[in-house]
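K.L.:
Below are the sequence and a predicted model; questions follow.
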Amino acid sequence: MELEELCRRAKETKQEVGILSTSRKNQVLCTVADKLWEKRQYIIEQNHIDMENGRKNSMPEGLLDRLLLTEDRIGAMGEGLREVAALEDPIGEVLSMKKRPNGLMIGQKRVPLGVIGIIYESRPNVTSDAFGLCFKTGNVVILRGGKDSIYSNEAIVKVIRKALKECGVAETAISLIEDTSHETAAEFMKMNRYVDVLIPRGGAGLIRTVVENSTIPVIETGTGNCHIFVDESADFDMACDIIFNAKTQRIGVCNACESLLVHKNILDSFIPLIEKRLAEKQVEIRGDESILKASVKDANVIPATEEDWGREYLDYKISAKSVDSIDEAIAHINHYNTGHSEAIITKDYTNAERFLNEVDAAAVYVNASTRFTDGFEFGFGAEIGISTQKLHARGPMGLLALTSSKYIIYGNGQIR
């Protein structure tokens, strides 16, 4: 199908989807969840083609992990849809209602955004998550995934559309752009006559391209150069557990820890401990001169370069830098971070509060892993992405981030 025709049909569908009742939307979401599980072997078979192609093309391990679909992950996709169905429907909520001196009652009502376009890379679970959140909020979604996940995405969308048809809802509530060429992506970015908002999910290059070239309003979801600062009062066992989790649980995700800051007063006692812990996963540490000096013999540590302080590795690598104070830690983070998630490990209440107040990021943690920056963990159900910008939405984007509002006015004959 021609891209413009696909977008036109999506726009024609948004009125139908936008007025669906909450119970109807929830019924569809649960049906889709059942169908995904029922067709899991078909989806896994198609995903296997993408995985084989990824290996042939020497895709990095972190990206292969993002691409992989298993029964557990498909089950989680379905569970995510059921969780979204169980959430309160924000559409139709009246946000305020005030009476003006002339008798007019003026209020605000929450409404869908309309047609949402999403451009994303090797994350086929995004296909299901995006549909669930958009559909619950009465939005139509157009997806453009990467070529690395095209077979997986086609399979998931095929299953979703079959479920929509069985439920008597227009299949065009979800569409997939099957042409993964850069030319078609660039053309999609210009479809502002049909698409109300565009959300990129992926690496820095993709996000920059969309922001710079789209004529559709963009909600920017950023990359994650996430820091953990180990203050001099930190509990070392807690710090090691948190850093190990944040760095190694899943390396290919944007909320993984990529940068470590350690107070100079604890270098000699803490660095050997974290080196030993990270060695369990063969994590390479790229440290400054002070980190190298505090390292034990034969540790997996190499000298860092200036480039390392701002890098999102998505790999078993982490930068490590010594800082003289919390002031230096905050300044370093605000200079090099991507506005995603930052954490401090400390027993000092004053330093914890300063970190929370002064670090500029969408999510700021005290004594917890950055891996919690996630729609599920925040109680939003699935997420559409993690916004690192400050307009409209910031942080994990759940249902409310996919809504707008309109003014509703009740009168009894007033004229001006």
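P.N.:
Sure thing, it's come through. Everything numeric here is computed off the predicted structure, so don't read it as measured data.
K.L.:
Residue 9 and residue 194: what is the separation?
P.N.:
9 Å (CB to CB, to the nearest Å). The C-beta positions use only the backbone N, C-alpha and C, and glycine is treated the same way.
K.L.:
which one of those two has more residues nearby?
P.N.:
Legend: neighbour count by other CB atoms under 10 Å for residue 9 and residue 194, higher for residue 194 (23 against 17).
K.L.:
Not counting sequence-adjacent ones, nearest residue to that one?
P.N.:
residue 7 (3.8 Å; CB to CB, 6 or more residues apart in numbering).
K.L.:
how distant is the helix or strand hosting the one you found from the center of its chain?
P.N.:
For residue 7, the host element (DSSP states H and E) is helix 3-18. Put simply, helix 3-18 sits 25 Å off its chain's centre (CA atoms, centre = their mean, to the nearest Å).
K.L.:
can you list contacts of the helix or strand following that helix?
P.N.:
With elements assigned by DSSP H and E, the helix or strand that comes after helix 3-18 is helix 22-38. By CB atoms under 8 Å, 6 or more residues apart in numbering, the surrounding residues in contact with helix 22-38 are 20, 43, 74-75, 77-79, 81-82, 84-86, 89, 91, 128, 131-132, 135-136, 138, 156, 159-160, 162-164, 166-167, 169.
K.L.:
Just the residues you listed: which are in helices?
P.N.:
Among the contacts of helix 22-38, the members found in helices (DSSP state H) are 43, 74-75, 77-79, 81-82, 84-86, 128, 131-132, 135-136, 156, 159-160, 162-164, 166.
K.L.:
So among these, which ones count as buried?
P.N.:
Among the ones in helices among the contacts of helix 22-38, those buried by neighbour count (16 or more other CB atoms under 10 Å) are 43, 74, 77-78, 81-82, 84-85, 128, 131-132, 135-136, 156, 159-160, 163-164.
K.L.:
Enumerate every residue touching the residue nearest to residue 194.
P.N.:
Going by CB under 8 Å, 6+ apart, residue 7 touches 115, 142, 188, 191, 193, 194, 195.
K.L.:
so what's the backbone phi/psi at the nearest residue to residue 99 once chain neighbours are set aside?
P.N.:
Spatially, and ignoring its direct neighbours in sequence, residue 99 is nearest to residue 105 (5.5 Å; CB to CB, 6+ apart). For residue 105, the backbone dihedrals (degrees, to the nearest 10) come out as phi -100, psi 110.
K.L.:
check contacts around residue 105.
P.N.:
Going by CB under 8 Å, 6+ apart, residue 105 touches 97, 98, 99, 409, 410, 411.
K.L.:
Might you report the residue contacts of residue 388?
P.N.:
Residue 388 neighbours (CB under 8 Å, 6+ apart): 220, 221, 222, 223, 338, 339, 340, 361, 362, 394.
K.L.:
how much space is there between the residue lying closest to the third one once chain neighbours are set aside and residue 219?
P.N.:
Closest residue to residue 222 in three dimensions, ignoring its sequence neighbours and counting by CB to CB, 6+ apart: residue 388, at 3.0 Å. With distances taken as CB to CB, residue 388 is found 10 Å from residue 219.
K.L.:
Just the CA atoms of stretch 260-269, as PDB, please.
P.N.:
Extracted C-alpha coordinates of stretch 260-269, given in PDB (Å, rounded to 0.1, in the frame of the first residue of the first chain):
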ATOM      1  CA  LEU A 260      30.200   5.400  37.500                       C
ATOM      2  CA  LEU A 261      31.400   8.200  39.700                       C
ATOM      3  CA  VAL A 262      33.200   7.400  43.000                       C
ATOM      4  CA  HIS A 263      34.100   9.800  45.800                       C
ATOM      5  CA  LYS A 264      37.900  10.100  46.100                       C
ATOM      6  CA  ASN A 265      37.900   9.300  49.800                       C
ATOM      7  CA  ILE A 266      36.700   5.700  49.200                       C
ATOM      8  CA  LEU A 267      38.500   4.700  46.000                       C
ATOM      9  CA  ASP A 268      41.100   2.400  47.600                       C
ATOM     10  CA  SER A 269      38.400   0.400  49.600                       C
END
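K.L.:
Any buried residues in that stretch, and which?
P.N.:
Buried residues in stretch 260-269, counted by 16+ other CB under 10 Å: 260, 261, 262, 263, 266, 267.
K.L.:
and the residues you listed, which of them are in helices?
P.N.:
Mapping the buried residues of stretch 260-269 onto helices (DSSP H) picks out residue 267.
K.L.:
Of the buried residues of stretch 260-269, which pair is most distant in space?
P.N.:
Within those, two members stand farthest from each other by CB to CB: 260 and 266, at 12.4 Å.
K.L.:
any shared contact partners between those two?
P.N.:
Counting by CB under 8 Å, 6+ apart, the residues touching both residue 260 and residue 266 are residue 230.
K.L.:
Residue 280 - nearest residue in space that isn't next to it in sequence?
P.N.:
Distances taken as CB to CB, 6+ apart place residue 244 nearest to residue 280, at 7.5 Å, with adjacent residues excluded.
K.L.:
same thing with residue 314?
P.N.:
Excluding the flanking residues, the one nearest residue 314 by CB to CB, 6+ apart is residue 62, at 4.0 Å.
K.L.:
Can you name the residues that contact that neighbour?
P.N.:
Taking CB under 8 Å, 6+ apart as the contact definition, residue 62 lies against 251, 252, 314, 315.
K.L.:
so where is the stretch 251-400 of the chain shaky, pLDDT-wise?
P.N.:
381-382 (pLDDT under 70).
K.L.:
in it, which spans are helices?
P.N.:
Ranges of helices in the stretch 251-400 of the chain, per DSSP state H, counting those that start in this stretch, are 267-278, 289-294, 326-336, 349-358.
K.L.:
Mind listing what's buried along the longest one?
P.N.:
The reference is to helix 267-278. Neighbour-count burial for helix 267-278 flags 267, 270, 271, 273, 274, 275, 277, 278 (criterion: 16+ other CB under 10 Å).
K.L.:
In this structure the third one contacts residue 263, no?
P.N.:
No - taking CB atoms under 8 Å as the contact criterion, residue 271 and residue 263 are not neighbours in contact, 11.1 Å apart.
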